[in-house]
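Participant: The sequence isn't on hand, but the structure is:
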């Protein structure tokens, strides 16, 4: 499954009401680290079907990042059952990001 783009208007339906955990990546076109992590998130999305990976452009969608206190990008938040359960900031290697995601999803399920 490929990553999906989410807007402020779609956030509740796509992210909060999802049956699966959602990793939401807050990013912007001008952000170098965001561009670096994009292919990593795409890889993870293609390898896993237990989680949805979504991206939100903060320039086009300012309400949601503001609501969740996003002050630096890339910021990634895992949502499960309509709640934010884990947050990480900055570009990370795939192994580190996968481990964080496993911990986030596992902790939320426990």
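Facilitator: Thanks, I have the structure now. Because the structure is predicted, anything quoted here is derived from the model rather than measured.
Participant: Number of residues surrounding the residue nearest to residue 21 when sequence neighbours are not counted?
Facilitator: Closest residue to residue 21 apart from its sequence neighbours, by Cβ to Cβ, 6 or more residues apart in numbering: residue 80 at 4.3 Å. In short, each C-beta sits where N, CA and C put it, glycine included. Residues lying near residue 80 (other Cβ atoms under 10 Å) number 20.
Participant: Surely residue 80 is in contact with residue 105?
Facilitator: Yes - if you go by Cβ atoms under 8 Å, residue 80 and residue 105 touch, sitting 6.9 Å apart.
Participant: which residues do these two both contact?
Facilitator: Residues touching both residue 80 and residue 105 by Cβ atoms under 8 Å, 6 or more residues apart in numbering: residue 21.
Participant: For residue 93, see how far away the residue nearest to residue 21 is.
Facilitator: Applying Cβ to Cβ, to the nearest Å, the value for residue 80 to residue 93 is 24 Å.
Participant: can you map out the helices along this protein?
Facilitator: Secondary structure of the chain (DSSP state H): helices located at 11, 32-47, 63-67, 94-109.
Participant: what's the pLDDT at the residue nearest to residue 21?
Facilitator: Among the per-residue scores, residue 80 holds a pLDDT of 95.
Participant: give me the beta-bridge partners of it?
Facilitator: Residues in a beta bridge with residue 80, per DSSP bridges, are residue 83.
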